[in-house]
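**Q** missing the sequence, but the structure's below:
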């Protein structure tokens, strides 16, 4: 297998980031000028707003669409696919919702590649270059072969940064309102205490 680039071939069909297999070659030979199955699938996935990634059983990245690559700090899918396996964690730090740092083995994609079904969870990506952060809601599922062994994992992730920031602002307002309520309650209590100690003059 080898990777196709994002240019177009001699027939004008777009070349994608999907792996080019022997079955694709056979398809191209039989149907010149048309899209192969993997080209068509990758073109569809590249148009999806959510991030989509596939890892093999060892955790190596096999596929990622452009939306997913940008969410993970890369300019494009080819840039993410051509990067060394360790490059991702040199670009970002990953934390859970409690603020605890996650190692590569704790990430949903690699976990699913080891056979774990990972329910949807939210993680925070802190970009090392240029600062900034991004919140992602991630769901990862292992894909099994006929023998029940893990063949790959599929991860789907959605950028929920705007929602998380809105929640943080709402929580901040609620905390401020609660502090103000407590302050006013304390003032009322003080006024009651003062009135109770005042005796009318005879």
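**A** In hand now; what should we look at? It should be emphasised that the depicted structure is a prediction, and the values quoted were computed from it without experimental measurement. Numbers count the residues shown, from 1 in each chain.

**Q** what sits against residue 123?
**A** Applying CB atoms under 8 Å, 6 or more residues apart in numbering, we find residue 123 in contact with 94, 95, 96, 97, 102, 107, 108, 135, 136, 138. To be clear about C-beta, it is placed using only N, CA and C from the backbone, and glycine gets the same treatment.

**Q** for residue 127, state which of those is nearest.
**A** Closest approach to residue 127 among the contacts of residue 123 (CB to CB): residue 94, at 10.9 Å.

**Q** now a PyMOL select for only the buried ones of the contacts of residue 123.
**A** To isolate in PyMOL the members of these that are buried, counting by 16 or more other CB atoms under 10 Å, one can use:
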select buried, resi 94+95+102+107+108+135+136+138
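
**Q** which elements pack onto the lengthiest helix in the chain?
**A** Criterion DSSP state H: the longest helix present in the chain is helix 161-197. On a contact count with 3 or more CB pairs under 8 Å, 6 or more residues apart in numbering; DSSP states H and E, helix 161-197 meets strand 133-144.

**Q** what mean pLDDT does the strand it packs on have?
**A** Computed over strand 133-144, the mean pLDDT rounds to 90.

**Q** quick one: work out the angle between that strand and helix 161-197.
**A** 120 degrees (axes from the mean of the first three to the mean of the last three CA atoms, to 10 degrees).

**Q** can you give me the end-to-end span of stretch 139-155?
**A** End-to-end distance of stretch 139-155: 6 Å, with CA to CA, to the nearest Å as the criterion.

**Q** show me where the protein has its helices.
**A** Secondary structure of the chain (DSSP H): helices located at 22-30, 37-46, 66-71, 77-82, 88-91, 108-113, 161-197.

**Q** tell me which of those helices sits nearest to residue 148.
**A** Across these, residue 148 has its closest neighbour in helix 108-113 (14.8 Å, CB to CB).

**Q** quick revisit: any buried residues in the longest helix of the chain, and which?
**A** Across helix 161-197, burial judged by 16+ other CB under 10 Å covers 161, 164.

**Q** state the distance from the nearest residue in space to residue 120 that is not next to it in sequence to residue 153.
**A** In space, and not counting its chain neighbours, residue 120 is closest to residue 139: 4.3 Å by CB to CB, 6 or more residues apart in numbering. Using CB to CB, to the nearest Å, residue 139 is found at 11 Å from residue 153.
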